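Peer 1: Next comes the sequence, and after it the predicted model I'd like to discuss.
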Amino acid sequence: MKIPITFLGTSQAIPTDSRNHTSILLQYKNENILVDCGEGTQRQFRKLKLNPCSLTRLLITHWHGDHILGIPGLLQTLALNGYNRKLEIYGPKGTKFYMEKIMSMFVFIGKINYEIHEVLSGKIFENKDFYIETLPMIHGTLCQSYSFVQKEKIRINKSKLSKFKLKGPIIGQLAQGKDIVWNGKKIKAKDLIYQEQGKKITFILDTGINKNCVEIAKNSDLLISESTYTKLEAEEAVNYHHLTAHDAAEIAKKSNSKKLILTHISQRYDHKEYLISQEAKKVFKNTTIAEDLMKIEI
């Protein structure tokens, strides 16, 4: 199945008239996972006619304002609209402290059920369909990267299955990899089933270059990476713990990722994004620049 990903905000610290603060929505079955929640995120939901009450998880990369200032407004909206789930919130150490602070700075109306998970490395959630893993980044403050990994599935070749005219629970045995006997004939599971590879989507938002970038992105079908600078500002990128377009492309190449989408675009490249794209494509051809409200499926 296709996994929709929507870019709600794609700017750096200062928004522009065309780019909102950082936020990305990943949808999978009954899961709606928000990665960061910059100021104005809930208005982006409205523009796309998305229901924020469908959110199930919030992954916070770090606590710089352009990545989290949309959280109090979003939570207030959820409370006022009768949000009846438990929102699972993941973030670096200190997330519980910052959430208490952010919720105490205004008079919150209503109630909302949420649980905070402070994370560092490894798997932070897993069910039968997918898992989420994280590794720390380097950004002058505690910062995380995340990967959403869809698990492999055993599929039955329907065209081959129809030839045998199989019915009922016996098909389930094939799906479990068991050989069966049908109308006196032995049917081998390996002749009818195949493994469907899962998809991997990685989010690297705000970091200086470090070994964990390649590690978390390894074999990603899609790498979504910050690209705040070009090589012309390489010194600034190092000083402020950010990536250049060249850095992001090198991560995509070294990690064997299939596609790279660049986001967290500085206002200095407003209407000049082609400079970022050109630099990245010299290293990694399958590169795209994210735009606000852009939706893709992988």
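Peer 2: Good, I have the coordinates. Worth saying up front: this structure is predicted, and the values here are computed from it rather than measured.

Peer 1: Contact partners for residue 220?
Peer 2: 147, 200, 201, 202, 255, 257, 258 (C-beta atoms under 8 Å, 6 or more residues apart in numbering). In short, each C-beta sits where N, CA and C put it, glycine included.

Peer 1: so it, which of the three states?
Peer 2: Following DSSP: H, G, I helix; E, B strand; the rest coil, we place residue 220 in the coil state.

Peer 1: mind checking pLDDT for it?
Peer 2: pLDDT recorded at residue 220 is 98.

Peer 1: Please apply the same query to residue 161.
Peer 2: If you check residue 161, the pLDDT there is 68.

Peer 1: repeat for residue 239
Peer 2: So, for residue 239, pLDDT stands at 96.

Peer 1: before we move on, back to that, now restrict the contacts of residue 220 to buried residues only.
Peer 2: 147, 200, 201, 202, 255, 257 (16 or more other C-beta atoms under 10 Å).

Peer 1: To which secondary structure element is the first one assigned?
Peer 2: The one in question is residue 147. Element membership of residue 147 [criterion: DSSP states H and E] is strand 144-150.

Peer 1: what comes into contact with that strand?
Peer 2: Contacts for strand 144-150 (C-beta under 8 Å, 6+ apart): 3, 26, 28, 33, 35, 59-62, 90-92, 119-120, 129-137, 198-205, 207, 212-213, 216-217, 220.

Peer 1: Quick check: neighbours of that strand in the sheet, parallel or antiparallel?
Peer 2: strand 130-136 (antiparallel), strand 200-204 (antiparallel) (DSSP bridges).

Peer 1: Other residues contacting the first one?
Peer 2: Contacts of strand 130-136 with the rest of the structure, by C-beta under 8 Å, 6+ apart, involve 28, 31, 33, 57, 59, 90, 92, 119-126, 142-151, 198, 212, 215-216.

Peer 1: How about the contacts made by the closest residue to residue 173 other than its chain neighbours?
Peer 2: Among residues not flanking residue 173 along the chain, residue 180 sits closest, at 5.4 Å (C-beta to C-beta, 6 or more residues apart in numbering). Each residue near residue 180 by C-beta under 8 Å, 6+ apart is listed here: 170, 173, 174, 186, 187, 189.

Peer 1: Distance of the fifth one relative to residue 173?
Peer 2: In this case it means residue 187. 10 Å (C-beta to C-beta, to the nearest Å).

Peer 1: Could you check which of those two has the larger neighbour count?
Peer 2: The neighbour count for residue 187 versus residue 173, taken as other C-beta atoms under 10 Å, is higher for residue 187 (18 against 15).

Peer 1: Name the nearest residue to the more buried one, sequence neighbours excluded.
Peer 2: residue 180 (5.2 Å).

Peer 1: Please report how far the one you found lies from residue 251.
Peer 2: Distance from residue 180 to residue 251, by C-beta to C-beta: 46 Å.

Peer 1: re the thing from before, now the buried members of the contacts of strand 130-136.
Peer 2: 28, 31, 33, 57, 59, 90, 92, 119, 124-125, 142-150, 198, 212, 216.

Peer 1: Tell me which residues are up against stretch 228-245.
Peer 2: Residues contacting stretch 228-245 (C-beta under 8 Å, 6+ apart): 12, 138-140, 204, 206-209, 213, 225-227, 246-247, 251, 262, 264-266, 269, 275-277, 279-280.

Peer 1: neighbours of residue 137, just the number please.
Peer 2: 26.

Peer 1: Now the closest residue to it other than its chain neighbours: which helix or strand?
Peer 2: Leaving aside its sequence neighbours, residue 137 sits nearest to residue 207 (C-beta to C-beta, 6+ apart; 3.5 Å). Assessed by DSSP H and E, residue 207 sits outside every helix and strand.

Peer 1: these two touch, right, residue 207 and residue 142?
Peer 2: No. Using C-beta atoms under 8 Å, residue 207 is not in contact with residue 142; the gap is 11.4 Å.

Peer 1: shaky segments in the stretch 51-200 of the chain?
Peer 2: Low-confidence segments of the stretch 51-200 of the chain (pLDDT under 70): 160-161, 164-168, 175, 189.

Peer 1: Break down it into its strands, ranges please.
Peer 2: 57-59, 86-91, 113-118, 122-126, 130-136, 144-150, 153-156, 180-182, 185-187, 193-196, 200-204 (DSSP state E, counting those that start in this stretch).

Peer 1: Tell me which of those sits nearest to residue 292.
Peer 2: When those are compared by C-beta to C-beta, strand 200-204 sits nearest residue 292, at 16.6 Å.

Peer 1: Would you mind putting the CA coordinates of that closest one into CSV?
Peer 2: Extracted in CSV, the C-alpha atoms of strand 200-204 (Å, rounded to 0.1, in the frame of the first residue of the first chain):
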residue,chain,number,x,y,z
LYS,A,200,11.4,3.0,5.1
ILE,A,201,11.0,6.8,5.5
THR,A,202,13.7,8.7,7.4
PHE,A,203,13.5,12.2,8.9
ILE,A,204,16.6,14.2,9.6
